[in-house]
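> Kindly return the folded structure for what I paste below:
(one chain, ligands or ions: 2)
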Amino acid sequence: LKQRLLNTVGKNNYTNWIEPLELSGVKDGVATFSVPTSFLGNYVSQNFGDLILYQVNSIAPEIRRIQFRTAANTARDPAATKTGPAPQRAASGNGAETDIRLNTAPLDERFTFDTFVVGKPNELAHAAAKRVAEGGPVTFNPLFLYGGVGLGKTHLMHAIAWELTSRQPELSVLYLSAEQFMYRFVQALRDRKMMDFKEMFRSVDVLMVDDVQFIAGKESTQEEFFHTFNALVDQNKQIVISGDRAPGEIENLEDRIKSRLQCGLVVDLHPTDYELRLGILQSKCEQYSRQYPDLQMSDGVLEFLAHRISTNVRVLEGALTRLFAFASLVGHEITLELTQDCLADILRASERKVSVEEIQRQVADHYNIRLSDMIGPKRLRSFARPRQVAMYLCKQMTSRSLPEIGRRFGGRDHTTVMHGVRRIDELRAQDAQIAEDLEILRRTLEG
Ligand code: ADP
Ligand code: MG
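Ligands and ions are numbered 1, 2, ... in the order given. This next block holds a predicted model:
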């Protein structure tokens, strides 16, 4: 096994990460490795977990799961705390143990439907995910979920996997990131294991590929992905894909893949709004209160955070985690003042900074045109007006100069931008529809 792993991960990785592992037991199809620190365990499970499992399983087919466990009673490991609570995928409970099952990349135990808070911005995505998770006949294939970073794509995909496997334990559900897909593909090429690779991917019942934009521009990986995708669709196997934008807008993605991705149901996760953020905060806060029963939360703190922190849920969670940890050290009550103190940097960073790209995307969405048409050269009025609206909002809401804005609109001249901004300024006074559009857009963008 060690030799195989050495071949797969390379000498450096092997010495740094794999060598310290010790097989401490095999029971009921689960192989347990002891690791010196939970940091190491987490790192190994995230980066090499699937490979290790794959190799273990090919030597000992009865093993379908591996776990990493820190030796009992080890002193608290500072390295592990440093990784912070947010990105510790696959860390269960106290983070000292990780668990990998065959056919799934590590799934985060916290990412279930129970812990997913539903609001207007994500209700459609949630409903679609639920439908897939029921495991009935395949109605839309693939399900394509997209949205900005930290809006819950990965959470929903894990939730689907958890629910499917709990309803139908015999189902083989494969969840992995597009990056892992590529990694495995390259590995298979290198080891001349393409047959195994194809067989493995074509034998799953449900395939979920996260962050598909990662394979954009990577030609042979796209090629293989395309074939895998088709083979599964032909067998009527469910596929779920996520991306950071709509299929048609992922640059350097082959057209045939784009059109395949659009064949099923495409739903987006919108930026969170105030109500959703508050809901998420309340739900996380309840979880924390169990962990820190002595801490009191003053009125208004959650509302304050929901107002002040940007749309990214990950940032929101990070803030709350820090707040509880900090408060538990200094007192019993989480006051507004303490919150402002403890989170000063986060609050400053999320003072509403809207990017040109965000504005372009929102405006394109709002007017139902493609981002590429908004930025592109076409002068059709149906593109030109939204383009001017976007320019106007860029001028109003960002600190970019006119030439900079022009550059981001397909290399237009600053006078074009100036003209657009003036035009919208005029229209705003005369045209109620435009005024309303601007108002809605601004509110969405401000989160
Ligand atoms: P993405 O994959 O879209 O970048 P994630 O799914 O990783 O985002 O979500 C980031 C973090 O925010 C995760 O910890 C996730 O649990 C949390 N989160 C996102 N949306 C929700 C929601 N609606 N309810 C509860 N938690 C959420
Ligand atoms: Mg994600």
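
> which helix of the chain spans the most residues?
As assigned by DSSP state H, the longest helix anywhere in the chain is helix 38-59.

> and that one, anywhere near ligand 1?
No: applying CB under 6 Å from any ligand atom, one finds helix 38-59 separated from ligand 1 by no less than 13.5 Å. For glycine as for every other residue, the C-beta is placed from the backbone atoms N, C-alpha and C.

> Counting by contacts, list what that helix packs against.
helix 2-9, strand 30-35, strand 65-70, helix 78-82, strand 97-101, helix 178-190 (3 or more CB pairs under 8 Å, 6 or more residues apart in numbering; DSSP states H and E).

> now the second one: how far from the chain's centre is it?
Here strand 30-35 is found 28 Å from its chain centre; the criterion is CA atoms, centre = their mean, to the nearest Å.

> which residues are contacting that strand?
Contacting residues not belonging to strand 30-35 are listed as 20-26, 41, 44, 56, 60, 63-71 [CB atoms under 8 Å, 6 or more residues apart in numbering].

> And S34, what's its pLDDT?
We have a pLDDT of 88 for S34.

> how close does it sit to T321?
Distance from S34 to T321, counting by CB to CB, to the nearest Å: 28 Å.

> Columns distance to ligand 2 on top of the helices and strands packed on helix 38-59, output as CSV?
CSV is the format used below for these (distance: least, CB to the ion, whole Å):
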stretch, distance to ligand 2
helix 2-9, 24
strand 30-35, 25
strand 65-70, 22
helix 78-82, 22
strand 97-101, 18
helix 178-190, 11
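
> now those in TSV, with distance to I369?
As requested, the helices and strands packed on helix 38-59 are exported to TSV (distance: least, CB to CB, whole Å):
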stretch	distance to I369
helix 2-9	46
strand 30-35	52
strand 65-70	48
helix 78-82	45
strand 97-101	44
helix 178-190	27
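
> For those, give me a markdown table that also has mean neighbour count.
Output for the helices and strands packed on helix 38-59, formatted as a markdown table (neighbours: other CB atoms under 10 Å):
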| stretch | mean neighbour count |
| --- | --- |
| helix 2-9 | 16 |
| strand 30-35 | 20 |
| strand 65-70 | 21 |
| helix 78-82 | 13 |
| strand 97-101 | 22 |
| helix 178-190 | 18 |
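
> now the residue in the chain that ligand 2 sits nearest to: how far from I434?
Using CB to the ion, T154 is the residue of the chain that sits closest to ligand 2, at 3.2 Å. Using CB to CB, one obtains 38 Å as the distance from T154 to I434.

> next one: R322
The separation that R322 has from I434, given CB to CB, amounts to 42 Å.

> any idea how far P36 is from the residue nearest to I18 when sequence neighbours are not counted?
Using CB to CB, 6 or more residues apart in numbering and skipping residues adjacent in sequence, the residue nearest I18 is L5, 5.3 Å away. Distance of L5 to P36, given as CB to CB: 17 Å.

> Same question for V44.
11 Å.

> Regarding R361, which helix or strand does it belong to?
Assignment of secondary structure by DSSP states H and E places R361 within helix 356-366.

> Would you check that the residue of the chain closest to ligand 2 makes contact with V240?
No: contact criterion CB atoms under 8 Å: T154 and V240 do not qualify, at 11.3 Å.

> neighbour-wise, which of those two wins?
More crowded of T154 and V240, by other CB atoms under 10 Å: V240, with 26 against 20.

> The more buried one and D205 touch, don't they?
No: if you go by CB under 8 Å, V240 and D205 don't touch, sitting 11.9 Å apart.

> rewinding a little: for G410, which of the helices and strands packed on helix 38-59 is the nearest?
helix 178-190 (27.8 Å; CB to CB).

> Tell me the first helix or strand C-terminal of the closest one.
Downstream of helix 178-190 (by DSSP H and E), the next one is helix 194-202.

> packing partners for that following helix?
helix 178-190, helix 219-234.

> quick one: is stretch 319-335 near ligand 1?
No: using CB under 6 Å from any ligand atom, stretch 319-335 never reaches ligand 1; the gap is at least 10.2 Å.

> Kindly format the C-alpha coordinates of that stretch as PDB.
What follows is stretch 319-335, C-alpha atoms only, in PDB (Å, rounded to 0.1, in the frame of the first residue of the first chain):
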ATOM      1  CA  ALA A 319     -17.800  36.200  12.200                       C
ATOM      2  CA  LEU A 320     -20.200  34.400  14.500                       C
ATOM      3  CA  THR A 321     -17.600  31.800  15.300                       C
ATOM      4  CA  ARG A 322     -15.100  34.400  16.300                       C
ATOM      5  CA  LEU A 323     -17.700  36.300  18.200                       C
ATOM      6  CA  PHE A 324     -18.600  33.300  20.400                       C
ATOM      7  CA  ALA A 325     -15.000  32.300  20.900                       C
ATOM      8  CA  PHE A 326     -14.000  35.800  21.900                       C
ATOM      9  CA  ALA A 327     -17.000  36.400  24.100                       C
ATOM     10  CA  SER A 328     -16.400  33.100  26.000                       C
ATOM     11  CA  LEU A 329     -13.000  34.400  26.900                       C
ATOM     12  CA  VAL A 330     -13.900  37.800  28.100                       C
ATOM     13  CA  GLY A 331     -17.400  37.700  29.600                       C
ATOM     14  CA  HIS A 332     -20.900  36.400  29.600                       C
ATOM     15  CA  GLU A 333     -22.700  38.700  27.300                       C
ATOM     16  CA  ILE A 334     -22.300  39.400  23.600                       C
ATOM     17  CA  THR A 335     -23.100  43.000  23.400                       C
END
